[in-house]
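> Take this sequence and fold it.
(one chain, ligands or ions: 1)
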Amino acid sequence: MSKRRIAVLGCTGSVGRQALHILGEHADRFEVVLLAAHRRADELAAAAALHPRALVCLTGATSPAALPADRRGFVGPDGLLQALDAAAPDTVLNAITGAAGLAASAWTLEHGRTLALANKESLVIAGAWLMPLAARSGARILPVDSEHCAIFQCLDGEDPGSVRKVWLTGSGGPFRTRPLATMAAVTPAEALRHPTWTMGPRITIGSATMMNKAFEVIEAHWLFALPPERIEVVLHPQSIVHSMVEFRCGSILAQCGVPDMRVPILFCLGYPERLPFGFQPFDPVRWRQLEFAPFEPERYPAVALAYQALRDGGDAGARLNAADEVATEAFLAGRIPFLSITEIAAAALAARPARPIHSLGCVLAADAEARQLAQREIAALSSRESH
Ligand code: MG
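Sure, this is the predicted structure:
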């Protein structure tokens, strides 16, 4: 049996490192043919040392001097696409953070390869453009996002027309019970303390604002062709039920597991096989209290922005994401208060009517425009702060 050829993009991030661990455990079935990172050259070199035949790419570098000397390597965002051409992977695990992941998703779908998608932003910003690419080439998208991996498993072999509703679960992040009046004072350190999942900084802040859940609503819409009114968010603090599908016959299917990203990563890499891994055996008694609660729109105003972006269509998602990326960085840098993240994203969404997406260029233009708008808002907030 020939080995499945895997490209790991974002290999030094949280998902990328966990994926490499899984791939190492199943080295008889997988060959890592490309390792891409943004700026962490030392960590990239360490990963490459374990995969002697993998090509390497540093998307945040401009000179190949930063690359391991013993390897064919590429630099910059265009270099990543050349590296994908040269490596010819069967499966691309896209674990790049943010809008920067879009081009690699597009490459994968255009070339008819399997996209193990841990970059939900690809669908948030350009779902309307990517899904037809996948349909034309026959490429498969396997969602690594735990909620969508759950829904994918619940829907496998089902008639999409028989779905009444999808319940997207969310832990509610660290501020689920914090008094609303104190939300304005949230610090980066507090927001980075996620109660159940260990993830990178951007998605952890997105879990605190629930912008991450907003993006997941949009992601579910594109992945499963669900109209927005069939996607509902419910809080589930234990993060054991990863999502649920309610069918018109009254049956509800849920996919469960401990909150460990290696579970959906392993599912996507092995699909359609269920590969073994040394997880602790599940103990239902330990998890005997599973709670569900309605999410409070006033605590998490970001979620409504997802439904707004879906109603607006076109480039609305691209603007929402870009503003959130910039605002999240500014919050982490101590430049703006916590509540301003969602306010700035809302301002970018409301700035103008949506325009249709005809090409990657349309998406990039909307992205750049919203980044500028967000920077102006941040500068205005910072100058008010210092006066
Ligand atoms: Mg998720």
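
> check contacts around the residue of the chain found nearest the ion.
At 4.2 Å from the ion, D145 is the closest residue in the chain, using C-beta to the ion. For every residue, glycine as well, the C-beta is placed using N, CA and C. Residues in contact with D145 (C-beta atoms under 8 Å, 6 or more residues apart in numbering) are L117, A118, K120, E216, E219, P264.

> Please repeat the previous calculation with a cut-off of 10 Å.
Contacts for D145 (C-beta atoms under 10 Å, 6 or more residues apart in numbering) come out as 15, 117-120, 123, 151-152, 203, 212, 215-216, 219-220, 223, 242-243, 261, 264, 268.

> next one: I22
I22 makes contact with F30, L93, R262, V263, I265, L266, C268, L269, G270, L275, F277, according to C-beta under 10 Å, 6+ apart.

> And stretch 159-166, what's buried?
Using 16 or more other C-beta atoms under 10 Å as the test for burial, stretch 159-166 gives V163, K165, V166.

> Ok, stretch 257-268 next?
By 16+ other C-beta under 10 Å, the buried positions in stretch 257-268 come out as G257, V258, P259, D260, M261, R262, V263, P264, I265, L266, F267, C268.

> For the first one, which non-adjacent residue is closest in space?
Read that as G257. Leaving aside its sequence neighbours, G257 sits nearest to V263 (C-beta to C-beta, 6 or more residues apart in numbering; 4.8 Å).

> Convert the C-alpha atoms of whichever strand or helix holds T108 to PDB, please.
Using DSSP states H and E, T108 maps to helix 102-110. Extracted as PDB, the C-alpha positions of helix 102-110 are listed here (Å, rounded to 0.1, in the frame of the first residue of the first chain):
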ATOM      1  CA  LEU A 102      -7.000  31.000   1.900                       C
ATOM      2  CA  ALA A 103      -4.600  30.600  -1.000                       C
ATOM      3  CA  ALA A 104      -3.500  27.100   0.200                       C
ATOM      4  CA  SER A 105      -7.200  26.000   0.600                       C
ATOM      5  CA  ALA A 106      -7.800  27.300  -3.000                       C
ATOM      6  CA  TRP A 107      -4.800  25.400  -4.300                       C
ATOM      7  CA  THR A 108      -5.900  22.200  -2.700                       C
ATOM      8  CA  LEU A 109      -9.500  22.400  -4.000                       C
ATOM      9  CA  GLU A 110      -8.400  23.500  -7.500                       C
END
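
> Next, report how far it is displaced from the centre of its chain.
Centre-to-centre, helix 102-110 and its host chain are 15 Å apart (C-alpha atoms, centre = their mean, to the nearest Å).

> now swap in stretch 110-117 and tell me
The answer for stretch 110-117 is 16 Å, by C-alpha atoms, centre = their mean.

> Lovely, talk soon.
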